[in-house]
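# Requesting a structural model of the entry that follows:
(one chain, ligands or ions: 2)
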Amino acid sequence: MEQYRALVARLSGEEVLSSVERLEIPPLQDGDVRIRVSYSSVNFKDALAVSPRGNVVKRYPHVPGIDLAGTVAASKDARFREGDPVLVTGFGLGVSADGGYAEFAQVPADWVVPLPAGLAAQEAMAFGTAGFTAALSVLRLEEAGLAPGQGPVLVTGATGGVGSVAVSMLAGLGYEVAASSRKADAEAQAFLRGLGASELLPPEALRMPEGKAIARERWAGVVDPVGGPALRDVLGTVRYGGGVALSGFTGGADFAANVYPFILRGVRLLGIDSVLCPMPERLRVWERMAGDLKPAGLLDAIAREATLEELPGALRAILRGEMRGRVIVAIATA
Ligand SMILES: CCC(=O)SCCNC(=O)CCNC(=O)[C@H](O)C(C)(C)COP(=O)(O)OP(=O)(O)OC[C@H]1O[C@@H](n2cnc3c(N)ncnc32)[C@H](O)[C@@H]1OP(=O)(O)O
Ligand SMILES: NC(=O)c1ccc[n+]([C@@H]2O[C@H](COP(=O)([O-])OP(=O)(O)OC[C@H]3O[C@@H](n4cnc5c(N)ncnc54)[C@H](O)[C@@H]3O)[C@@H](O)[C@H]2O)c1
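Ligands and ions are numbered 1, 2, ... in the order given. Coordinates of the predicted model:
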């Protein structure tokens, strides 16, 4: 029986411990595709998947990794053939099913996206779920009427995965980008300027004046992977008719808001879900990511590589809010 290397997360008392192990390739079920993984990536959700109270994974041992890119090694679905370059993000990958931190993965064909022309596997994983979420946020804002020239677009959590890709995509499309980050060091500032942000703001600068229910209009649109209580202030400063694409909760899951931005300015709160995004839209988003949404410095400026062995450290760092840009995982086949 052929073996493959994978990062395996196991419950040990109250802790989840991860290490690289050799596993046996299971038989391929009807309707499934076996993928030889070349790259994966690191997302906030991957860190939750190896956290005992992360609420993402229900059973261990488990192979995490919500993203993968590679080639089809075997297929029991007529849509895919051996050698096809493909990618998978979301659905149950790395959550209900073993994920991309492995040399091989087996998934339902319904989860598989053909790698779009113009995108290498490495680039697809420099995007990964975070980049897909940034792209979906931009698309939803465009659908709500956002266009360059309307005023600054705010990106929160701007040095993180979703945030940094969003800054880069928006700047590339010609938007004026204001980047909000807790990281005030020179390196983080240079990183954000390099991605195309023209204004840098600490989270405190987004607060509405004390006692105000709504404040001066500032943002033509907002990409918000941070969420939490600060969302009230963000909503209160969106320009007439603008949208807020809300994707994350690094700042908290709960927020209190009032009705004024919605009923006085027609502000729209746009929920962003990358996980179950239906396949026709998923394919459209990836086409845009291989085209006009692909940042010039995707691999050089935003992403850096890690090995399977380096993953536990990278997962701890993202949970502590220390991530800058994207980490792609190079999966070497033995
Ligand atoms: C890609 C980036 C990310 O997605 S990062 C987000 C990672 N977090 C998760 O996946 C959330 C995991 N779920 C949870 O933490 C809890 O279920 C939350 C959402 C807090 C709700 O808890 P609680 O109020 O106790 O309700 P519950 O667990 O009984 O669920 C209520 C209904 O909601 C559903 N639900 C749960 N999780 C998800 C999910 N990830 N996607 C879609 N639906 C979800 C449950 O299935 C349940 O619905 P039903 O009763 O089964 O119909
Ligand atoms: N809705 C979706 O489909 C979807 C998809 C991808 C990510 N997400 C969510 O988006 C968020 C970001 O994911 P990521 O992979 O980019 O993570 P990341 O760690 O790369 O980025 C998160 C950023 O938020 C910052 N941050 C953390 N706590 C903060 C706080 N209290 N205030 C302000 N900034 C704070 C961090 O410093 C970091 O820069 C997560 O909550 C994740 O679950 C959702």
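
# can we go C-alpha only for contacts and neighbour counts from here?
Fine.

# quick one, what contacts the closest residue in space to Val42 that isn't next to it in sequence?
Nearest in space to Val42, with sequence neighbours left out and distances taken as CA to CA, 6 or more residues apart in numbering, is Val327 at 5.5 Å. Applying CA atoms under 8 Å, 6 or more residues apart in numbering to Val327 gives the contacts 41-42, 126, 303-306, 314.

# let's see it at 7 Å
For Val327, the residues meeting the contact criterion (CA atoms under 7 Å, 6 or more residues apart in numbering) are 41-42, 126, 303-306.

# Confirm that it lies within a helix, as I assumed.
No - applying DSSP: H, G, I helix; E, B strand; the rest coil, one finds Val327 to be strand, outside a helix.

# okay, it: pLDDT?
Val327 carries a pLDDT value of 97.

# what do you get for Thr333?
Reading off the model, Thr333 has pLDDT 53.

# just Ala296 next, same as before
Confidence at Ala296, expressed as pLDDT, is 89.

# Same check on Glu2?
Listed pLDDT for Glu2 reads 84.

# Count the residues that sit near it.
Here the count is done by other CA atoms under 10 Å, and Glu2 has 8 residues near it.

# again, but for the one 5 residues further on
Other residues near Leu7 come to 24 when the count uses other CA under 10 Å.

# my read is it is in a strand, agree?
Yes - following the definition three-state DSSP, Leu7 is counted among the residues of a strand.

# distance of it from ligand 1?
Distance, Leu7 to ligand 1, using CA to the nearest ligand atom, to the nearest Å: 19 Å.

# go on, Ala6?
Using CA to the nearest ligand atom, one obtains 21 Å as the distance from Ala6 to ligand 1.

# got the contact list for the closest residue to that residue other than its chain neighbours?
Closest residue to Ala6 apart from its sequence neighbours, by CA to CA, 6+ apart: Ala102 at 3.9 Å. When contacts are counted by CA under 7 Å, 6+ apart, Ala102 is found next to 5-7, 37, 331.

# Run through the residues of the stretch 151-300 of the chain sitting next to ligand 1.
The interface of the stretch 151-300 of the chain toward ligand 1, taken as CA under 6 Å from any ligand atom, is made up of Val275.

# so where's the stretch 151-300 of the chain shaky on pLDDT?
Along the stretch 151-300 of the chain, segments meeting pLDDT under 70 are nowhere present.

# can I assume Gly116 is in contact with Glu287?
One correction, residue 116 is Pro, not Gly. Yes - because the distance of 6.2 Å satisfies CA atoms under 7 Å, Pro116 is recorded as touching Glu287.

# could I get the contacts of Ala102 as a markdown table with distance to Val112?
As requested, these are exported to a markdown table (distance: CA to CA, whole Å):
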| residue | distance to Val112 |
| --- | --- |
| Arg5 | 22 |
| Ala6 | 20 |
| Leu7 | 21 |
| Val37 | 13 |
| Ile331 | 19 |
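
# hmm, which two among the residues you listed are most spread apart?
Within the contacts of Ala102, Leu7 and Val37 form the most distant pair, 12.8 Å apart (CA to CA).
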